[in-house]
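Undergrad: got a structure for you, letters missing:
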């Protein structure tokens, strides 16, 4: 019997008990639909996490000056002021695959323009910062190297500051004050949105590192070339771990730390944090997929059940087929094909339903729905395999029937 | 060489209640072209004998050759092939597939013989024509009378040109008039050269055979040749006096 004939005959057997077949398929339909919808939701969530992490900038490491112990009191990260902009330049020079190393000083201050004022974060840094964060200017321009070198009193502002401090006024070339120092706005950054932690990344004013150090932050930091943080961007993900080790060795050497002394800085790999978040999202996807797989399993058991009923009902038919010359493997194939056809039709309907569900849910949740070809192929493959797997036992029962017994059965 | 050659054929069942000898060292030969009735009350061993010569079962003792093939040595696939090529079965309950038409039912043995669809269809229609049902080829079993269904079953049994037509109580579910028609058909086929073995407990059926073999308690009781009654003649008589239908049975 050719495969096409076998499938046609299976379809006729399925059609003979249309309602029963439909109810049996329902298990597979729900299972496959659940798998597709759940995987799509999981991938959607994962993509959103990835997008948030990406807004931070890829392949970043953050170096903070470390803790200092004064008279037994440990002052915590950033308490020492051992990290300098010279360190940042040395990192670019000597560590492999470093794209940018931005020295950063951060403080909070009140910015004043005409009648309004706005408390915001002041970030004093150099051009490497914008490279590291992959952050573009929207209007105007970034700092000139000359302005950075001379510590000129210019500022580039974030979107939130532009809106709150300047309102309707075009901020370019306007003067505003921070701690009574008059800054000129030379540029407005593109919007960056919320960080993964929910901070408004656009609520910021950038000033040249030296300007910030001398005119805003003042005091301790003004005495030397120290900074709070150095942000390092590597060329690719593989470069991060070896790069961090090189950086550590370089900084220990530059800070003249003896063998037994602890690091006076802390290096954090932001990609690692990103990977952790992605791993959490992956776990969620797997969990959802596992729940869906259980419903597929239940659907498969439904098929097995109905195939057993079918074999019992059609015992005489099986006996007759054996009597006219069907071999055991012919009967086995017949019932396997029937179970597989049942499962595959269920799978096809399930795919349609699953895609519809995924699109609907993604629409409400407001994240991208990811129904991949792979998922669909896997769902089809799995439902076919369920047919074979759960159809095998009933089919073997059928094939092993004794023709005499089978023919005698009522 | 006889078509069927049984030597010391035995079949013992191991049941919970002990060993039951259904057939006890039966030796028998049936020549090609004969029309044989196998008789006996239930439990006599005639069904066991039929299952064995029909290659549905294997003997526990003795030897059986069908058309020269030693059956007891065959695997279950080998038996299936032998049933497919050399045997045609007709059952009391017709055993037609209810979901497909007469033609597809007749095609079934050819499906397992690996014959292609077009040839199958042509041969099935020819077989239906031979049993007088050419115009019913696309009716489903439900749409046919009992006699017609049994004719479809006979067409199915004939379609692979078997060496032996094996009928198990073929008229048991039919009224006496239809039974005569079916017996007439067997006689026609036998005249055309088909070897027919009819298993029955009904003496009226056995009257139409040329040889009657009787079983009792697993043994051969008698084996007689007789002048076969002609079913066509009896039918013609019925046509003349329909009221005597019951009496003829």
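TA: Cool, got the structure. This structure is a prediction, so every number in the text was calculated from the model and none was measured. Residues are numbered from 1 along each chain as shown, chains lettered A, B, ... in the order given.
Undergrad: near chain A, which residues of chain B show up?
TA: Contacts of chain B with chain A, taken as C-beta under 8 Å from any C-beta of the partner chain, map to B:51, B:54, B:56-57, B:76-77, B:80-81, B:83-85, B:89, B:91, B:93, B:95, B:97, B:99-100, B:108-109, B:111-113, B:117, B:156, B:160. Every residue, glycine included, has its C-beta placed from N, CA and C.
Undergrad: filter these to the buried ones?
TA: B:51, B:54, B:56-57, B:80-81, B:83-85, B:89, B:91, B:93, B:95, B:97, B:99-100, B:108-109, B:111-112, B:156, B:160 (16 or more other C-beta atoms under 10 Å in any protein chain shown).
Undergrad: Which of these fall within strands?
TA: Among those, the ones falling in strands (DSSP state E) are residue B:89.
Undergrad: Point out where chain B drops to low pLDDT.
TA: Along chain B, segments meeting pLDDT under 70 span B:242-249.
Undergrad: quick one on the thing from earlier: which ones among the buried ones among the residues of chain B next to chain A lie within helices?
TA: Residues of those located in helices (DSSP state H): B:51, B:80, B:81, B:83, B:84, B:85, B:108, B:109, B:111, B:112, B:156.
Undergrad: Name the nearest of the residues you listed relative to chain A.
TA: residue B:84 (2.4 Å; C-beta to the nearest C-beta).
Undergrad: Double-check the closest one against residue A:322; I have them as touching.
TA: No. Between residue B:84 and residue A:322 there is no contact under C-beta atoms under 8 Å: 10.1 Å.
Undergrad: Chain neighbours aside, what residue packs nearest to residue A:329?
TA: residue A:399 (7.0 Å; C-beta to C-beta, 6 or more residues apart in numbering or on different chains).
Undergrad: got a list of what the one you found touches?
TA: By C-beta atoms under 8 Å, 6 or more residues apart in numbering or on different chains, residue A:399 lies in contact with A:328, A:329, A:331, A:332, A:335.
Undergrad: same check, this time on residue B:84
TA: Applying C-beta under 8 Å, 6+ apart, the residues near residue B:84 are A:324, A:325, B:109, B:112, B:113, B:160.
Undergrad: State the distance from it to residue A:380.
TA: For residue B:84, the distance to residue A:380 equals 36 Å [C-beta to C-beta, to the nearest Å].
Undergrad: go on, residue A:347?
TA: Applying C-beta to C-beta, the value for residue A:347 to residue A:380 is 5 Å.
Undergrad: Tell me which of the two has more neighbours.
TA: Using other C-beta atoms under 10 Å in any protein chain shown, the more surrounded residue of residue A:347 and residue A:380 is residue A:347, with 30 against 17.
Undergrad: Please name the nearest non-neighbouring residue to the more buried one.
TA: Nearest residue to residue A:347, sequence neighbours excluded (C-beta to C-beta, 6+ apart): residue A:383, at 3.0 Å.
Undergrad: surely the one you found meets residue A:296?
TA: Yes. Between residue A:383 and residue A:296 there is a contact under C-beta under 8 Å: 7.4 Å.
Undergrad: Which neighbours do those two have in common?
TA: Common contacts of residue A:383 and residue A:296 (C-beta under 8 Å, 6+ apart): A:28, A:31, A:32.
Undergrad: how about the helices in the chain?
TA: Reading this off chain A. Going by DSSP H, chain A shows helices at A:3-16, A:18-56, A:85-94, A:128-132, A:145-150, A:159-161, A:209-211, A:219-223, A:240-254, A:270-313, A:315-323, A:328-365, A:373-399, A:403-408.
Undergrad: please go with chain B instead
TA: Assigned by DSSP H, chain B shows helices spanning B:46-53, B:76-86, B:102-112, B:117-130, B:146-158, B:176-191, B:203-206, B:231-240, B:245-248.
Undergrad: tilt between the fourth one and helix B:176-191?
TA: With axes from the mean of the first three to the mean of the last three C-alpha atoms, to 10 degrees as the basis, helix B:117-130 and helix B:176-191 are set at 120 degrees to each other.
Undergrad: and the angle from helix B:117-130 to helix B:146-158?
TA: 130 degrees.
Undergrad: Can you name the residue of the stretch 251-400 of chain A nearest chain B?
TA: Of the residues in the stretch 251-400 of chain A, the one nearest chain B is residue A:325, at a distance of 2.4 Å by C-beta to the nearest C-beta.
Undergrad: So what's the residue count around that residue?
TA: 24.
Undergrad: That one contacts residue B:83, correct?
TA: Yes. Counting by C-beta under 8 Å, residue A:325 touches residue B:83, with 5.1 Å between them.
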